[in-house]
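**Student:** predicted model and sequence follow; I will ask about them next.
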Amino acid sequence: MTMTTHHGTTARPVVEVVPLTPTTWRVCDSRRDGETKRIVGYITTAQDGFEMLWMRPRPGVMYRYDTFDDAVDATATRLRLLRS
């Protein structure tokens, strides 16, 4: 597993994924100002995939995904829906 940083594209408009450890990434929304407002959650490796732990809008909500890219794509989609 390589540690990757994803920046905004049309598929992932404003998702920034920052590696913290080989198994944990901080997920940020670059449309927000201020460090704490930008952090939306954390992706971690799980036994059979990846988990996204949301810190906003409701802390503690967790989703599981088969791949890292699935987790990032789903997060981008959810951010677009939350901001519309």
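**Tutor:** That came in fine, so what should we check first? These numbers come from a predicted model, not from an experiment.
**Student:** C-alpha from now on. contacts and neighbour counts both.
**Tutor:** Fine.
**Student:** tell me the strands beside the helix or strand hosting Y42, with direction?
**Tutor:** Element membership of Y42 [criterion: DSSP states H and E] is strand 39-46. Strand 39-46 sits in its sheet next to strand 24-29 (antiparallel), strand 49-54 (antiparallel), going by DSSP bridges.
**Student:** for those strands, which one sits closest to I39?
**Tutor:** Among the strands paired with strand 39-46, the nearest to I39 by Cα to Cα is strand 24-29 (4.4 Å).
**Student:** residues making contact with that closest one?
**Tutor:** Here strand 24-29 makes contact (Cα atoms under 8 Å, 6 or more residues apart in numbering) with 14-20, 38-45, 79.
**Student:** what's the local residue count around the residue nearest to M62 when sequence neighbours are not counted?
**Tutor:** Spatially, and ignoring its direct neighbours in sequence, M62 is nearest to L53 (4.5 Å; Cα to Cα, 6 or more residues apart in numbering). Residues near L53, counting by other Cα atoms under 10 Å, number 20.
**Student:** just checking, L53 touches T45?
**Tutor:** No - in this structure L53 lies outside contact range of T45 using Cα atoms under 8 Å: 11.1 Å.
**Student:** quick one: buried residues of stretch 57-76?
**Tutor:** Of all the residues in stretch 57-76, those buried under the rule 16 or more other Cα atoms under 10 Å are R64, Y65, F68, A71, V72, D73, T75, A76.
**Student:** just give the nearest non-adjacent residue to the fourth one, would you?
**Tutor:** Across the structure, with Cα to Cα, 6+ apart as the measure, the residue nearest A71 apart from its sequence neighbours is Y65 (5.6 Å).
**Student:** got the contact list for that neighbour?
**Tutor:** Taking Cα under 8 Å, 6+ apart as the test, what Y65 contacts is G49, F50, E51, M52, A71.
**Student:** let me know the pLDDT of it.
**Tutor:** On pLDDT, Y65 comes in at 96.
**Student:** any idea how far the closest residue in space to F68 that isn't next to it in sequence lies from R32?
**Tutor:** Nearest non-adjacent residue to F68, counting by Cα to Cα, 6+ apart: F50, 6.1 Å away. Distance of F50 to R32, computed by Cα to Cα, to the nearest Å: 25 Å.
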